[in-house]
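1. sharing a sequence plus its predicted fold:
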Amino acid sequence: MAIVHHHLIYQAKVGNDKLGADSEKALEQFLYDLLKEVDMECLIPSQLKFSHQKAWTGMVGIITSHIAFHFWTIEKYVQLDIYSCKPFDKQKAVKFLNNFWKARDVRALFIDRDTGKKFKIEEL
């Protein structure tokens, strides 16, 4: 497997009204379902914390790097990053994210950060 440096940056307004302060199990399952969707293998089990700002932070280490998100429950807003040294289907990832979050006002950016070259940036 050739090593790449692929970074998907995702942000959206969240329309999934079932997600809130009591959503730890759903968000943990979301991370593991996302791993399957992008064909990644878990290295460090998911970590989730709910902050005093009424926001979830979650992350999971993957063999090829990490997935991390922040979800503000009051503002109904999510930001997420997938960084991987293994190629993944960015369109499939965005579709999965849109479905889970019931997203609107989505912004997604894909950056190919290949070593020694200029970044290739693509808006999705």
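-> Nice, I can see it.
2. can you give me every residue that contacts residue 21?
-> 50, 54, 73 (CB atoms under 8 Å, 6 or more residues apart in numbering). (C-beta placed from N, C-alpha, C; glycine too.)
3. helix, strand, or coil at it?
-> Here residue 21 is coil, with the state taken from DSSP: H, G, I helix; E, B strand; the rest coil.
4. next one: the one 5 residues further on
-> Using three-state DSSP, the structure places residue 26 in helix.
5. next, the buried residues of stretch 41-51.
-> Across stretch 41-51, burial judged by 16 or more other CB atoms under 10 Å covers 46, 48, 50.
6. how about the helices of the chain, start to end?
-> Here the chain has its helices, by DSSP state H, at 24-37, 90-101.
7. what is the mean pLDDT for the shortest one?
-> I take that to be helix 90-101. Mean pLDDT, helix 90-101: 98.
8. who are the packing partners of it?
-> Contacts defined by 3 or more CB pairs under 8 Å, 6 or more residues apart in numbering; DSSP states H and E place helix 90-101 against strand 6-14, helix 24-37, strand 77-84, strand 103-112.
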